[in-house]
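Colleague: Predicted model, plus sequence, below.
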Amino acid sequence: MDGAVQKNDPYHLGSWITYLRPYTFKTNTFEMTKPEAMAMLHFLEQEVKKHHRNVFTEEDKTLLDELATKIDNAAVEVAPGAKDEVNPQPFFVKLASRSAKDIVFTSSKFTDLLRSMMTQYSDIPPLSELKPDDLESYYHGDHNNDFISANKQMIAFVRSSVKVLETFSGKEAIQTFIHSRRTYGDLKQRELLGDEFSMEICLREWERKLVPEMEFRGFVYGHKFTCLTQYYCMIYSPEINKNKKDIETKVLAYWETIKHLFPIPDYCIDFCLYEDQIRVIEINPVAPLAGSGLFLWPQDRKIIENGPFEFRVVTEIPKHAVSKALIHAPARDLMNNMFPNYHALETHLLEKEKEKQLADAKAKAAQEEEDSVEETEGLGLGMIGIGVVAVAVVIVGVMWYKNKK
């Protein structure tokens, strides 16, 4: 996909930013050169993918240092205080194709952020000290707001995975890019285009007042807003549930003021709410290319494409480790080590749930077998009855025939 094709793509940032600039975060972009991209690829192939040895050269290092300076200069457009040596203003940086959000799997910064966020909570008492009737309430964190819970773990995980992309310098931005497999995949794809290579680096304003829980994804088909979903659907938010109707009203009203700007009939649009403000985050292709949140594809395809309008949010705290299964192992291990008592409770409840599911499955199988036997016996008795009737009919027929003779 060359640069012209990218920019003609209605879902490419370079396309939609032209008409949504006043309604979204400050954005600045510049073209990345092919040698700069190759320098990133060389590092990724050598240090991350482990495909080659000694391909990352001193020349590559110099190119990336120069690219870091370019990023520093471009960042001032979206974060005027980016070069402040005492209190630098952060910004968000990504390739035009995708962000490097997969660095949560490799970044020590992410682990440090997660650990820091978790220190505000305390572990629950040992499992041996808890009453059986209190286990569920301890699991959900109802006993004491200072105790850890599954939902608090998920909130900390999501907030850390977002905050890890908060960038303060061009050098930090380069480190993000060269440790991201997403970056590798996108640059490798562009490399195959040869002389037609084109890739932009995008810098965007970072809003510290925004929390990830207040992000929402909407779907528009045929210029009609068909549905809205909570973006991070592994988190339960009392605030969202309490203000669901108000959020729906605000988002729809805001969209009404900008819908005439869109030159395309079908798109996915992400919003964020903070301090009574609403902003567009970005535009993406429609489902299934974009994640559909709490709407399932293809089960909810009719609703997504045709309505009637529906707004879905997480209405209860995630149950027994289901949400934690979404977290990669290092983060899960960190949480379990910080809160061993809670981990023991979670494991206990999960085992109990599995036992119940197994017992229910056995009971269902036994009932189905019993019903099958009864059905078979009923069929057998029915056949006997039919046989008796048939014999009686034959006897009556024979007697009638003899009497007639």
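Modeller: That came through fine.
Colleague: Only C-alpha atoms from now on, for both contacts and neighbour counts.
Modeller: OK.
Colleague: Now name the helix or strand holding the spatially closest residue to residue 115 that is not a sequence neighbour.
Modeller: In space, and not counting its chain neighbours, residue 115 is closest to residue 334: 7.5 Å by Cα to Cα, 6 or more residues apart in numbering. Element membership for residue 334, per DSSP states H and E: helix 329-338.
Colleague: Going by the annotation, which residue ranges form each domain of this protein?
Modeller: Domain ranges of the chain: 3-107+164-205, 108-162, 212-312, 354-384, per automatic domain parsing.
Colleague: Quick one: mean pLDDT for the second one?
Modeller: Over the span of domain 108-162, the pLDDT mean works out to 92.
Colleague: Straight-line length of that domain, end to end?
Modeller: 14 Å (Cα to Cα, to the nearest Å).
Colleague: Distance from the chain centre to that domain, please.
Modeller: With Cα atoms, centre = their mean, to the nearest Å as the basis, domain 108-162 stands 21 Å off its chain's centre.
Colleague: same deal with the shortest one?
Modeller: Mean-position distance between domain 354-384 and its chain equals 41 Å (Cα atoms, centre = their mean).
Colleague: quick one: low-confidence parts of the stretch 201-350 of the chain?
Modeller: For the stretch 201-350 of the chain, residues meeting the criterion pLDDT under 70 lie at 320-326.
Colleague: For it, which segments count as helices?
Modeller: For the stretch 201-350 of the chain, applying DSSP state H, counting those that start in this stretch gives helices covering 238-242, 244-258, 301-306, 329-338, 340-404.
Colleague: Leaving out sequence neighbours, find the closest residue to the residue most central in space within the chain.
Modeller: Nearest residue to the geometric centre of the chain (Cα atoms, centre = their mean): residue 232, 5.7 Å. Distance criterion Cα to Cα, 6+ apart; nearest residue to residue 232, sequence neighbours excluded, is residue 213 at 6.4 Å.
Colleague: where's the one you found relative to residue 358, distance?
Modeller: As for residue 213, its distance to residue 358 is 35 Å (criterion: Cα to Cα).
Colleague: Of the two, which one has the most company?
Modeller: A count of neighbours by other Cα atoms under 10 Å puts residue 213 above the other of residue 213 and residue 358, at 21 against 12.
Colleague: wait, isn't that one in contact with residue 238?
Modeller: No: in this structure, residue 213 is not within contact of residue 238 by Cα atoms under 8 Å, at 10.5 Å.
Colleague: Got phi/psi on residue 313?
Modeller: phi -130, psi 160 (degrees, to the nearest 10).
Colleague: residues contacting it?
Modeller: Counting by Cα atoms under 8 Å, 6 or more residues apart in numbering, residue 313 touches 229, 230, 233, 240, 241, 294.
Colleague: rewinding a little: residues contacting the residue nearest to the centre of the chain?
Modeller: Residues near residue 232 by Cα under 8 Å, 6+ apart: 158, 212, 213, 215, 293.
Colleague: which helices and strands sit right next to the strand or helix carrying residue 72?
Modeller: Here residue 72, judged by DSSP H and E, is contained in helix 58-75. In terms of contacts (3 or more Cα pairs under 8 Å, 6 or more residues apart in numbering; DSSP states H and E), helix 58-75 is packed against strand 27-32, helix 34-43, helix 170-177, strand 199-205.
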